[in-house]
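Peer 1: here is a sequence together with a model predicted from it:
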Amino acid sequence: MIKYILLALFVGAVLGYVNSNVNGGFSGVWVSDYLFNGSLFGLLFVMGFGFGVDKDAVKRFRGKGLRVLVVPLVVAFGSLLGGLVAGLILGLNLFGSMAVAAGFGWYTLTGPLLSQVLGSQWGALGFVANFLRELLTIVLVPFWVRVDKYAAVASGGATTMDTTLPVIVRYGGSDVLVAAFSSGFVLSLVAPFAVLGFASLV
Amino acid sequence: MVSLSMVVLVVPLVVGILAGFVFRGVRRVDLSRVVFGVIVVLIFSLGFSIGSNGELLGSLPTVGVSGLVFALLAIGFSVLFVVLVRRRLRL
């Protein structure tokens, strides 16, 4: 899936570049505004639908009580603090920096959302920062499992319910499956609201 | 500054969650293909707007380095706190 996404990004960038540098190119607004907003709305709706329709989600959390919320909340706190420190180091707006980190690795959401709300500069940063979080997590899983049982789950953020789940389970064993899935689920649900919330403070 | 777009973006998400809740158990649908299709179109148009912005294209190497700083710090603090909390609470 990742290669199709990178291909789409690359082809889009090349076409956008060519279109804005040739005479008689069509108005880029059709793609960068209408198509972009339409598909962003579509994604938010479909993701929301997926959360709402999943009746097993509540069942998975039942019996475990509030303990399942501990890991995702700590990961959210760590990610936001990481974003804050990154913003301080790089001299960026601190709320914008926390909005970037609030994607918790979900780059297909954070990039477009920040692009829409704060402009393409933040959108590109939101995409790259969260893409690298997912990529580094996949690469570092064999190392994380030696550090701590839940280190890979913490590293993956919102991605541990889908893209990084198979790798984490392969190295960490099936004990971490429930923790990884539930942490990723909670963070994925929180991410769009957190990204928009911090972006609104910029 | 709260712009209108932020409020507008929460709408499809919340409507989606409610719609999903209503359609619960009606029919099992595989959303992953739909999500994938929408994501490809969305990322294509994100790429298009990045490619159309000459100023941004020039600053992409900086964006790469900044992104790496963000990713490393977010991962580092998340892992650190989870390890500390887990040892304390014996999760």
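Peer 2: Sure, I can see it.

Peer 1: tell me the pLDDT at residue 59?
Peer 2: You didn't pick a chain, so chain A it is. At A:Lys59, the model reports a pLDDT of 70.

Peer 1: my question was about chain B
Peer 2: 84.

Peer 1: hang on, A:Ala101 packs against A:Gly82?
Peer 2: Yes: with contact defined as CB atoms under 8 Å, A:Ala101 counts as touching A:Gly82 (5.6 Å). All C-beta spots, glycine's among them, are computed from the backbone N, C-alpha and C.

Peer 1: overlap in contacts of the two?
Peer 2: B:70, B:73-74 (CB atoms under 8 Å, 6 or more residues apart in numbering or on different chains).

Peer 1: by neighbour count, which of those wins?
Peer 2: With neighbours taken as other CB atoms under 10 Å in any protein chain shown, the top of these is B:Ala74, carrying 34 neighbours.

Peer 1: spatially nearest residue to that one (excluding sequence neighbours)?
Peer 2: A:Gly82 (3.6 Å; CB to CB, 6 or more residues apart in numbering or on different chains).

Peer 1: skipping adjacent residues, who's closest to A:Leu165 in space?
Peer 2: Closest to A:Leu165 by CB to CB, 6+ apart is A:Ala180, at 5.7 Å.

Peer 1: I meant to write A:Pro142 there.
Peer 2: A:Tyr171 (5.6 Å).

Peer 1: what of B:Leu89?
Peer 2: Closest to B:Leu89 by CB to CB, 6+ apart is A:Val70, at 6.8 Å.

Peer 1: next one, pLDDT for the one you found please.
Peer 2: Taking A:Val70 on its own, its pLDDT is 92.

Peer 1: ditto for A:Arg62
Peer 2: A:Arg62 carries a pLDDT score of 65 in this model.

Peer 1: on that earlier part again, surely the residue nearest to A:Leu165 is in contact with A:Pro166?
Peer 2: No: using CB under 8 Å as the test, A:Ala180 is too far from A:Pro166 to be in contact (10.0 Å).

Peer 1: quick check: domain ranges of chain A?
Peer 2: A:1-53, A:55-200 (automatic domain parsing).

Peer 1: where among the ones you listed is average confidence lowest?
Peer 2: When those are compared by mean pLDDT, domain A:1-53 comes last with a mean of 84.

Peer 1: off-centre distance for that one?
Peer 2: Put simply, domain A:1-53 sits 17 Å off its chain's centre (CA atoms, centre = their mean, to the nearest Å).

Peer 1: which residues touch the residue nearest the centre of chain B?
Peer 2: Closest to where the C-alpha atoms of chain B average out (CA atoms, centre = their mean) is B:Ile39, at 10.8 Å. Neighbouring residues of B:Ile39 by CB under 8 Å, 6+ apart: A:5, A:43, A:108.

Peer 1: what about the second one, which SS state?
Peer 2: Meaning A:Leu43. At A:Leu43 the chain is in helix, as set by DSSP: H, G, I helix; E, B strand; the rest coil.

Peer 1: gap between it and chain B?
Peer 2: Shown here: A:Leu43 relative to chain B, a distance of 5 Å by CB to the nearest CB, to the nearest Å.

Peer 1: how about A:Val167: what's its closest non-neighbour residue?
Peer 2: Nearest to A:Val167 is A:Val141, by CB to CB, 6+ apart, at 5.0 Å.

Peer 1: contacts only, for that neighbour.
Peer 2: A:152, A:155, A:164, A:167-168, A:170-172.

Peer 1: pull the most distant pair out of those.
Peer 2: A:Ser155 and A:Arg170 (14.9 Å; CB to CB).

Peer 1: which of those two has more neighbours?
Peer 2: More crowded of A:Ser155 and A:Arg170, by other CB under 10 Å: A:Ser155, with 31 against 12.

Peer 1: tell me which element that one is part of?
Peer 2: Taking DSSP states H and E as the criterion, A:Ser155 maps to helix A:151-156.

Peer 1: which strands or helices does the following helix or strand past that helix pack on?
Peer 2: Moving toward the C-terminus from helix A:151-156, the next helix or strand (DSSP H and E) is helix A:165-172. When contacts are defined as 3 or more CB pairs under 8 Å, 6 or more residues apart in numbering or on different chains; DSSP states H and E, helix A:165-172 packs onto helix A:120-147, helix A:151-156, helix A:175-200.
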